[in-house]
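A.B. asks: have a look at this prediction, sequence included:
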Amino acid sequence: MPSTDFGERVAGALTENVKVTCNRIVERKDLMPIPERAPIQSQAETSVGFADIGAVAFEHPDKCANILERIVEPYDPCRPDAAYSNAAMRAMEDYARSRIHQLRLPVRVHPKFSKLRNALAVIPYVAPMDQDSMLRQYPELRGLAKLLETCLARYPEILTGEVNPLSVLFPGGSVALVEAVYRDNPVTDYFNKVVGDIVANYIRLRSGQNTRIIEIGAGTGATTQFVLPAISTSNVTYLFTDLSFGFLNKAKVRFAHHKFVDYRVYNIEKRPEADHQFDIVIAANVLHATVDIRNALKNARDLLSPEGILVVNEFTSRQDYATLTFGLTEGWWLNADGQRIQHSALLTGEAWRSLIRGAGFYSVASHGNEDQQVIVAAASGNAASS
Ligand SMILES: C[S@@+](CC[C@H](N)C(=O)[O-])C[C@H]1O[C@@H](n2cnc3c(N)ncnc32)[C@H](O)[C@@H]1O
């Protein structure tokens, strides 16, 4: 989470970047200390009380306008942590763009990199930037810069097929280099915390009922680490899953003190063994990695109980930083559903919402900006009545 001098850096960052994201002036006094996320308030809640609403919400959905409104806080681009996250992300994206334009790339690339080569060709020019000054302003970007530089240093050999990109991204099989993208950086921390808040709000609305949670593609646990501490009731079970068995053992050690967590291999591209087993499906930065988004969303919906919700966290614009790093893997380009942003594996927020509705979800709400969003969908009218 933000360090103690976070406010100082936010102030510095915002002087340059706030104009991009906010349409009102954010004063320095607004920036420190970073406020804790307050429980969501709504008119209905003020008359009934947040906890009381939980008691009636699921039994009498007509009494609640829309449960999603109660669990998904509106996005405020001027909130200090949101503004900082946005500004840091833009700085990293500019830096990545500037770096690729400083590189001499081979004229001939291996055919397996043809989609990547086409994507490189459309990266806009950005004049050279100084990494040190970027890291002084956003120290949390150090891990991302390191991953980028490590990849770029081997780009010519990778593109000609002499070096396997996986040996660069995962040296000696280690995920440490790549982990920096998902952990302890202001961009991902902000949205992971939003996921934690949404889960906590939903559980609170259920007023003591059991809540069964499954996380898909939980990987290194970057999202899990924000969700588990947000769960303060004993009536919760949490199934940490990933396609790769390797992540499960590490997670078992890391989250051993959360006794309600279980661990299993699960592939969201496969039909669930049993339907409607869960009340919350969390999928952070994983659904875009599937070949067919519609199939993955249908499987996610089948996992959910009628009162259940899907919580998706995804980048929603083409990210040239991601192209330059994860774009080196074949998996990044394997999708075959025709729904992706051109020259990317990612989808726009609009595409996500449309596909989620198309998969049979009842209603959809989102929190975020053009570049990244947490999208929440209610499995049926039982979860969200409007
Ligand atoms: C980009 S990482 C994100 C990890 C984590 N959710 C986060 O945001 O920090 C994607 C993860 O999804 C997993 N994954 C990829 N395809 C999957 C699939 N079809 N089903 C389940 N997990 C998958 C990968 O093994 C990897 O751990």
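C.D. replies: Okay, I see it. Residues are numbered from 1 along each chain as shown.
A.B. asks: quick check: closest non-adjacent residue to the closest residue to the ligand within the stretch 51-200 of the chain.
C.D. replies: Residue nearest to the ligand within the stretch 51-200 of the chain: Y182 (3.4 Å; CB to the nearest ligand atom). The way it works is simple: take the backbone N, C-alpha and C, and place the C-beta from them, glycine included. Spatially, and ignoring its direct neighbours in sequence, Y182 is nearest to A222 (3.7 Å; CB to CB, 6 or more residues apart in numbering).
A.B. asks: does the one you found belong to a helix, a strand or coil?
C.D. replies: Following DSSP: H, G, I helix; E, B strand; the rest coil, the label given to A222 is coil.
A.B. asks: that one touches N192, doesn't it?
C.D. replies: Yes - with contacts counted by CB atoms under 8 Å, A222 reaches N192, the gap being 6.1 Å.
A.B. asks: need the overlap of contacts for these two.
C.D. replies: Common neighbours of A222 and N192, using CB atoms under 8 Å, 6 or more residues apart in numbering, are A284.
A.B. asks: so where do the strands sit in the stretch 251-386 of the chain?
C.D. replies: In the stretch 251-386 of the chain, strands defined by DSSP state E, counting those that start in this stretch lie at 261-265, 278-284, 304-315, 363-368, 372-378, listed in chain order.
A.B. asks: for the ligand, which of the ones you listed is the nearest?
C.D. replies: strand 278-284 (3.8 Å).
A.B. asks: averaged pLDDT, that closest one. What do you get?
C.D. replies: Strand 278-284 shows an average pLDDT of 98 in the prediction.
A.B. asks: low-confidence stretches in this protein?
C.D. replies: For the chain, the stretches flagged by pLDDT under 70 are 1-65, 383-386.
A.B. asks: show me how it divides into domains.
C.D. replies: Per automatic domain parsing, the structural domains of the chain span 53-74+186-378, 80-182.
A.B. asks: out of these, which is the most enclosed?
C.D. replies: domain 53-74+186-378 (a mean of 19; mean count of other CB atoms under 10 Å).
A.B. asks: residues in contact with the residue lying closest to A359 once chain neighbours are set aside?
C.D. replies: Nearest non-adjacent residue to A359, counting by CB to CB, 6+ apart: L297, 3.7 Å away. Neighbouring residues of L297 by CB under 8 Å, 6+ apart: 287, 310, 355-356, 358-359, 361.
A.B. asks: out of those residues, who's nearest the ligand?
C.D. replies: Of those, the one sitting nearest to the ligand (CB to the nearest ligand atom) turns out to be L287, at 8.4 Å.
A.B. asks: in this structure, which residue is most central in space?
C.D. replies: N313 (3.5 Å; CA atoms, centre = their mean).
A.B. asks: dig out what that residue forms beta bridges with.
C.D. replies: Here N313 sits in beta bridges with A284, V374, going by DSSP bridges.
A.B. asks: tell me if I'm right that it and G196 touch.
C.D. replies: No - applying CB under 8 Å as the test, N313 and G196 come out as separate, 10.6 Å apart.
A.B. asks: need the residues touching each of those two.
C.D. replies: Common neighbours of N313 and G196 (CB under 8 Å, 6+ apart) do not exist.
A.B. asks: and G208, backbone torsions?
C.D. replies: phi 90, psi -10 (degrees, to the nearest 10).
A.B. asks: need the contact list for the closest residue to G217 other than its chain neighbours.
C.D. replies: Using CB to CB, 6+ apart and skipping residues adjacent in sequence, the residue nearest G217 is V286, 2.8 Å away. Counting by CB under 8 Å, 6+ apart, V286 makes contact with 216-217, 219, 268.
A.B. asks: among these, which two are most distant?
C.D. replies: Distance extremes for the contacts of V286: the farthest pair is G219 and I268 at 12.6 Å, using CB to CB.
A.B. asks: now the strands of the stretch 251-386 of the chain as TSV including distance to the ligand?
C.D. replies: Formatted as TSV, these follow (distance: least, CB to the nearest ligand atom, whole Å):
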stretch	distance to the ligand
strand 261-265	8
strand 278-284	4
strand 304-315	7
strand 363-368	14
strand 372-378	11
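A.B. asks: quick one, what contacts the nearest residue to S317 once chain neighbours are set aside?
C.D. replies: Nearest non-adjacent residue to S317, counting by CB to CB, 6+ apart: D371, 4.7 Å away. Counting by CB under 8 Å, 6+ apart, D371 touches 86, 89, 315-317, 319.
A.B. asks: kindly recompute the last result at 7 Å.
C.D. replies: D371 sits next to 89, 315-317 when contact means CB atoms under 7 Å, 6 or more residues apart in numbering.
A.B. asks: how close does it get to V194?
C.D. replies: Note on D371: its distance to V194, by CB to CB, to the nearest Å, is 14 Å.
A.B. asks: residues contacting the residue found closest to K270 once you drop the neighbours it is linked to in the chain?
C.D. replies: Of all residues not flanking K270 in the chain, N299 sits nearest, at 7.0 Å (CB to CB, 6+ apart). By CB under 7 Å, 6+ apart, the contact set of N299 is 268, 271-272.
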